[in-house]
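*Asks:* fold the stuff below for me.
(chains A and B)
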Amino acid sequence: MMNQELVQLIEVQQWLYREARLLDSRRYDLWLELLDRDIRYQIPSRFSVRQGHVKDFSTWSVERELEVDHALPLIDDDLPALRHRVERLQTGMAWAETPPSITRRLVSNVMILGNDRDGCVSVVSTLIAAKVRGDQRVLFTAERRDRVVPASGEYRLRERYVVLDDTVLAAENLSTLF
Amino acid sequence: MTEYSEYVAPDATWISPEIFSDLALYELEKKRVFGRSWLLLGHVSQLPKPGSFLRTYMGEESVLVTRDRSGKIRAHLNACRHRGYQVCQEDRGTSHRFQCRYHGWTYDSDGSLASVPGEESIYYKEIDKREWGLAPVARVETYKGLIFGNFDPDASTLEAFLGDMAWYLDIILDRRKGGTELLGPQRWRIASNWKVVAENHCGDEYHIGFAHGSVFPPDLGANRATPVLHGREIRPALGHGLGVNIFPDEMTPQEWLSVGLGTYPPHVYDYLLGIYDETVERLGAQRAHIGLIHGAVWPNFGMVPIVNSLRIIQPRSVCEVEMWSYCLVDRDAPANVKNWFATQTTRSFGPAGSFEQDDAGNWAAVTHSSFGPEARKHRLNLQMGAGHEERSERVPGELGLTASEINQRGFYLRWMHDMFGGAQS
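*Replies:* Prediction:
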C-alpha cells in the first residue's frame, strides 16, 4: 500500500468513526454538516429469494435479495428529507426518540474500494448498532456502501446504501440513523 | 375464565384490556376470526405470470399463493402433506415446482403432488398422489386486483363480506381503467396484539394531532378537539371503518387537491387533476369528491390511503405482529408519479416514516399494560361520539365526526360477533 493510500484510508476511517460518535452523542446538528448537498441515503428492503444457479456462487449475490421487483425501500432520503428527520426530533413530540434512545455504533471492516471519476471515494464498512429504549435493546447489523467526497480538508457523504441483514426488521421502527 | 359479556360492553363503549393479552382468547381468534374471515393475501400485480409465487400468512398459518400453469391464482397451506414442513422457504419468486427439503416430496404450482421419492420401491405404488396435494385454502377470490383467501368453505362471497366497504375501496382501486399495482412490502415486528394495531387503522383520528404532533403544525388542533371541516369517520358495516374527506360539490378538484399531507409537486398535481374526468366517468362525481384518509377491512387489512399505504397486520403471537406495508399506485401512472408516491409512503408510513415511527411504541405499551391481572380489572373507555352516529344521503354507512370512536366500537362489536355470536347490523 502506497503512503498516499494509507493516509486516505486513515482519513476516511477517522471520518467514519467521528460520524458514528456524533450520532451516538446525538449531535444531529453537527452530523447534518457532514452531508453533501446531493446526498442520496437509502436502506433497501431485503427478501428471502432463491439463489441463481446452485453451482455458480457468482449468482448467489446479496443483490438478488435487494433488487426484487416492485420492492419498497425502508428509507429513501435526500438532504431535505434528512433535515426534516432531524428537525422532527426537535419538536418534543417525536415520541419514538423522546426521550432519546441510547445508541452505540461499532464501525469496522473499513475498506476503500476505489477513487471514482467524479472525485468520490467508494468505501464499505460493517456496522453494528445497538439501540436501547427503556429496558429493551435492539441490535442492528449492516454493511454500509458509502461514497464520500473530499471537501475543504475533510469529507462529505454523497451516497449511503445500507444493507441491513434483517428480512423482517426485528425492531418496532427505524428511528436510528446508520 | 371471564364471562364473555365482560370483554366488550353491549354498545362497545368500553372494552376489557384482557382481550389484548389472554392466550385462550387468542387461540379462539385463530379459529373464529382468522379461520372464517376474508384475509388479504396480496395483489394480482405481484403474480405477473404463470409460476409467479409469494409466501404470506393467514393468521399464523404460512400460505403459498401461486399462479398456476393455466394462469389461475391459487392459495394453499405452505406445509408438506408428509410431515408438514414448509415447501416454500422464499418470500417470492417464479417456479412451478415446490420441493420439501425434508424428504423431497414435490408439488406443482397448482398444489398437486407431483412426485414422491421411492413411490414405486418403498411405497409399492400404493400412494394415491391425488389425495395428498397441498391443502387448499377453501376460497380464493379477487376484488379489483386485491387477492383474498378464506379458510371457511361456507363463507359468504368476498363482495358480500366487503359490503358497502367496497363502494369506498373503489375510490382507490377503480378510479382508473388500468387498475392498480402494489409495491412492497416493508416488514417489521411490533410487540403488540393485532387488535390494537387494527383498531387504530380502522378509526383512530383522535391520536393524530397528539401522537403525530411532530409532523403537524400546532394550529391543527391537538387531539382533533376541533372537528375537521370536511372530515367524517364512516362505518360501512361492523368491523370495517374509514376516515374520509367528503368535499362539497361546489369545491373544485384544484381546491381539494390542496387538502392533503403537504403539497403535491407539479407533475403529481397535474397527474391527479388529469385523471379527474376518468374517475368521474368510472365512479361518478359523488365518489370522485371523496378522499380516503385511513381505514381498515375486518380483521387485519389496514390502510392509510391518503399516502397510498396499504398494510397487512400479521399476527405472530398474542403480543406480536409483523407489519407488512405496501404502496398502492395506479398501474398506468407515469413512472415519476409512481416513484413519488413510493417515496412519500416510505417517508411517512414506512418503518422509518415520520408518522409510523411514533405509532409502534403506543401499540406495544397498550399491549404490555394489559397483561397484569390488576390492570385487567379496569375497563378502557371507548365512548367518544357514542349515540351521535348519523346517516347521510350522500354516502353509505353510519357517520361520526372526525374524531369519533364509532369505528372502533364497530370493530369490537364485530369481534364479539365473530367470537361469541350475537347481533350484527
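
*Asks:* for A:Ile39, which residues are in contact?
*Replies:* A:Ile39 makes contact with A:Asp77, A:Asp78, A:Leu79, A:Leu82, A:Arg156, A:Leu157, A:Arg158, A:Glu159, A:Arg160 under the criterion C-beta atoms under 8 Å, 6 or more residues apart in numbering or on different chains. All C-beta atoms are positioned from the backbone trio N, CA, C, and that covers glycine.

*Asks:* let me see the backbone angles for the first one.
*Replies:* This points to A:Asp77. A:Asp77 adopts backbone torsions of phi -120, psi 150, taken as degrees, to the nearest 10.

*Asks:* if we can go back for a sec, just the contacts of A:Ile39 now: which is nearest chain B?
*Replies:* For those, the residue nearest chain B by C-beta to the nearest C-beta is A:Asp77; the value is 7.3 Å.

*Asks:* for B:Gly291, see how far away that closest one is.
*Replies:* Per C-beta to C-beta, to the nearest Å, A:Asp77 is found 27 Å from B:Gly291.

*Asks:* which residue would be the closest one in the stretch 201-350 of chain B to chain A?
*Replies:* Nearest residue of the stretch 201-350 of chain B to chain A: B:Gly213, at 3.5 Å (C-beta to the nearest C-beta).

*Asks:* on the three-state scheme, that residue is what?
*Replies:* Each residue gets one of three states, and B:Gly213 gets coil by DSSP: H, G, I helix; E, B strand; the rest coil.

*Asks:* what about it, how many neighbours?
*Replies:* Residues lying near B:Gly213 (other C-beta atoms under 10 Å in any protein chain shown) number 20.

*Asks:* A:Trp15 too?
*Replies:* Neighbour count of A:Trp15, defined by other C-beta under 10 Å: 20.

*Asks:* same check on B:Glu389?
*Replies:* When neighbours are counted by other C-beta under 10 Å, B:Glu389 registers 17.

*Asks:* ok, A:Ser48 next?
*Replies:* 14.

*Asks:* A:Asp77 and B:Gly291 - which one has more neighbours?
*Replies:* Taking other C-beta under 10 Å, A:Asp77 and B:Gly291 do not tie; A:Asp77 has more neighbours (23 against 20).

*Asks:* what's the helix or strand for the closest residue to that one other than its chain neighbours?
*Replies:* Leaving aside its chain neighbours, A:Asp77 sits nearest to A:Tyr41 (4.4 Å; criterion: C-beta to C-beta, 6 or more residues apart in numbering or on different chains). Under the criterion of DSSP states H and E, A:Tyr41 resides in strand A:35-43.

*Asks:* any buried residues in the following helix or strand past that strand, and which?
*Replies:* Using DSSP H and E, the helix or strand that follows strand A:35-43 in sequence is helix A:63-66. Buried residues in helix A:63-66, counting neighbours by 16 or more other C-beta atoms under 10 Å in any protein chain shown, are found at A:Glu65, A:Leu66.

*Asks:* what does stretch A:96-107 give?
*Replies:* A:Ala96, A:Glu97, A:Ser101, A:Thr103, A:Arg105, A:Val107.

*Asks:* likewise for stretch B:280-300?
*Replies:* By neighbour count on 16+ other C-beta under 10 Å, the buried set for stretch B:280-300 is B:280, B:283, B:287-300.

*Asks:* chain A next: which of these are close?
*Replies:* Here nothing survives when the buried residues of stretch B:280-300 are matched to chain A using C-beta under 8 Å from any C-beta of the partner chain.

*Asks:* nearest to A:Glu19 among the residues you listed?
*Replies:* B:His294 (37.3 Å; C-beta to C-beta).

*Asks:* from B:Trp415, how far out is B:Leu25?
*Replies:* Look at B:Leu25 and B:Trp415: by C-beta to C-beta, they are 10 Å apart.
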